[in-house]
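Trainee: what would the 3D arrangement of this be:
(one chain, ligands or ions: 1)
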Amino acid sequence: MNIIKTDLEGVFVIEPAVFGDHRGWFMETYNENNFFEEGIKIKFVQDNQSFSAAKGTLRGLHYQLNPKAQSKLVRCTRGTIFDVAVDIRKGSPTYGKWFGVELSAENKKQLLIPKGFAHGFMTLTDDVEVQYKVDEFYAPDCDRGIRWNDPTIHVEWPIHNIQPVLSAKDEKSPFLEEAEINFVYGE
Ligand SMILES: Cc1cn([C@H]2C[C@H](O)[C@@H](COP(=O)(O)OP(=O)(O)O[C@H]3O[C@@H](C)C(=O)[C@@H](O)[C@H]3O)O2)c(=O)[nH]c1=O
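Mentor: Residues are numbered from 1 along each chain as shown. Below is the predicted model of the structure:
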């Protein structure tokens with residue numbers, strides 16, 4: 001398993017070791033020891049899965065406020081997504097900066113998104129399944145969003161000539177400037 005740093009502190013791309021043989025393949029999708037060796041101490045408590053029917057579906061950018069903030073370990077088990085983490089920790093040297101990576105059933109990569117980041121993804125194929133582990137339970141009262149096309153964050157979504165398929169909630173999310181955020185860098 002390769003745990004690869006990105007330009008955003010605490011955001012990692014994970015490349016699992018895939019063992020193929022005449023039957024197919026095997027891989028570990030999570031190994032606590034490997035994460036601990038990299039100094040990543042997370043205790044996951046909930047596993048989530050979503051299905052998106054159409055290419056160009058966009059879920060995000062989502063986060064839960066403190067004290068219910070979540071770290072997320074995201075993978076795509078059917079189809080392909082462009083997965084994005086945005087640093088929304090006040091006072092962070094990379095505040096408002098984003099990192100994106102293609103995750104697919106084929107490349108088997110995962111993205112680790114720490115607390116203090118917003119997360120979202122766009123489907124690049126039809127019939128997409130995304131699975132992710134989180135280290136805090138769902139807390140609807142703390143559930144928040146930032147508009148997917150916030151001009152100050154300016155995520156370069158790979159499909160930009162279409163109106164994405166959005167939830168009613170995501171259509172109305174505030175822009176970063178007005179969003180309620182209670183993450184402070186270093187805390
Ligand atoms: C996230 C979540 C939702 N739900 C319910 C609430 C709602 O009725 C239904 C659909 O919820 P949403 O519309 O928020 O689902 P979705 O837009 O897929 O939300 C997810 O998006 C990605 C990008 C994330 O990062 C996740 O943390 C989560 O916010 O599922 C749970 O029961 N538990 C959960 O953990």
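Trainee: element containing the most centrally placed residue in the chain?
Mentor: In the chain, the C-alpha closest to the average C-alpha coordinate belongs to H119, at a distance of 4.3 Å (CA atoms, centre = their mean). When elements are defined using DSSP states H and E, H119 is found to belong to strand 117-123.
Trainee: give me the contacts around that strand.
Mentor: Residues outside strand 117-123 that contact it (CB atoms under 8 Å, 6 or more residues apart in numbering) are 8, 10-11, 52, 54-63, 72, 74, 79-89, 103, 113, 130, 145-146, 148, 155, 157-159, 164. Glycine gets a C-beta too; all of them are placed from N, C-alpha and C.
Trainee: now these: which count as buried?
Mentor: Buried members of these, counted by 16 or more other CB atoms under 10 Å: 8, 10-11, 52, 55-63, 72, 74, 79-89, 103, 113, 130, 145-146, 148, 155, 157, 164.
Trainee: inside strands: which ones of the residues you listed?
Mentor: Counting by DSSP state E, the part of the buried ones among the contacts of strand 117-123 found in strands is 52, 58-63, 72, 74, 80-87, 103, 113, 130, 145.
Trainee: C76: what's it in contact with?
Mentor: D83, L103, S104, A105, V128, E129, V130, Q131.
Trainee: and which of the residues you listed is nearest the ligand?
Mentor: V130 (7.8 Å; CB to the nearest ligand atom).
Trainee: of the contacts of strand 117-123, list those near the ligand.
Mentor: With respect to the ligand, and counting by CB under 6 Å from any ligand atom, the subset of the contacts of strand 117-123 in contact is R59, G60, H62, K72.
Trainee: can you add pLDDT and give the residues you listed back as JSON lines?
Mentor: JSON lines is the format used below for these (pLDDT from 0 to 100):
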{"residue": "R59", "pLDDT": "98"}
{"residue": "G60", "pLDDT": "96"}
{"residue": "H62", "pLDDT": "98"}
{"residue": "K72", "pLDDT": "98"}
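Trainee: relative to G96, which of the residues you listed is nearest.
Mentor: Nearest to G96 among those: G60, at 15.0 Å, using CB to CB.
Trainee: hang on, the earlier thing: which pair of the ones next to the ligand among the contacts of strand 117-123 spans the longest distance?
Mentor: Set against one another by CB to CB, those have their most distant pair in R59 and K72, with a gap of 12.0 Å.
Trainee: what does the chain put close to the ligand?
Mentor: Looking at the ligand, the residues of the chain close enough under CB under 6 Å from any ligand atom are N48, S50, R59, G60, H62, K72, H119, G120, F121, Y138, S167, K169.
Trainee: fine, thanks again, bye for now.
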